[in-house]
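Engineer: sequence plus predicted model, see below.
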Amino acid sequence: MDFTVTQENGTAIVQVNVERLNASNASGLKSELTVLSKQSINNIVIDMSKTKYCDSSGLSALLLANRLCKDTNGMFVLCGLQENVQKLISIAQLDKVLNIAADKEAAMSQIA
């Protein structure tokens with residue numbers, strides 16, 4: 001499975017289990033996020049510690065998560081970014097838009 005979703009204290013934690021978040025699997029992540037939103041889960045942490053590459057489709061999925069959380073007064077935190085993914089997010093200036101934490105524990109403390 002490309003994505004594993006667990007819940008902790010009303011927050012969904014989505015573990016991305018792919019090395020490359022791209023057009024072939026980003027739609028699956030978007031589907032997971034939409035399901036979470038329909039279940040009234042408005043705090044989401046996405047852990048990308050296993051992901052070494054992300055393209056525009058992957059970034060689009062991350063922006064969807066951010067928007068879904070904002071629309072419901074929730075919080076979205078991205079964590080575990082590998083260096084290449086961090087660079088892409090910085091180049092796209094999304095580091096100014098997205099909440100980013102070093103790891104899952106730091107992300108959960110931002111939400112609490």
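Structural biologist: Sure thing, it's come through. In this text, all values refer to a predicted model and were calculated from it rather than measured experimentally.
Engineer: quick one: mean pLDDT for the lengthiest helix in the chain?
Structural biologist: Secondary structure of the chain per DSSP state H: the longest helix is helix 56-71. The pLDDT scores in helix 56-71 average 97.
Engineer: in the helix or strand just after it, what's buried?
Structural biologist: Proceeding C-terminally, helix 56-71 gives way to strand 75-79 as the next helix or strand, assigned by DSSP states H and E. Using 16 or more other Cβ atoms under 10 Å as the burial criterion, the residues of strand 75-79 that qualify are 75, 76, 77, 78, 79. No exception for glycine: its C-beta is placed from N, CA and C like everyone else's.
Engineer: please name the nearest non-neighbouring residue to the residue minimising distance to the centre of the chain.
Structural biologist: Against the mean C-alpha coordinate of the chain, by Cα atoms, centre = their mean, the closest residue is residue 46 at 3.2 Å. Closest residue in space to residue 46, ignoring its immediate chain neighbours: residue 14 at 4.8 Å, by Cβ to Cβ, 6 or more residues apart in numbering.
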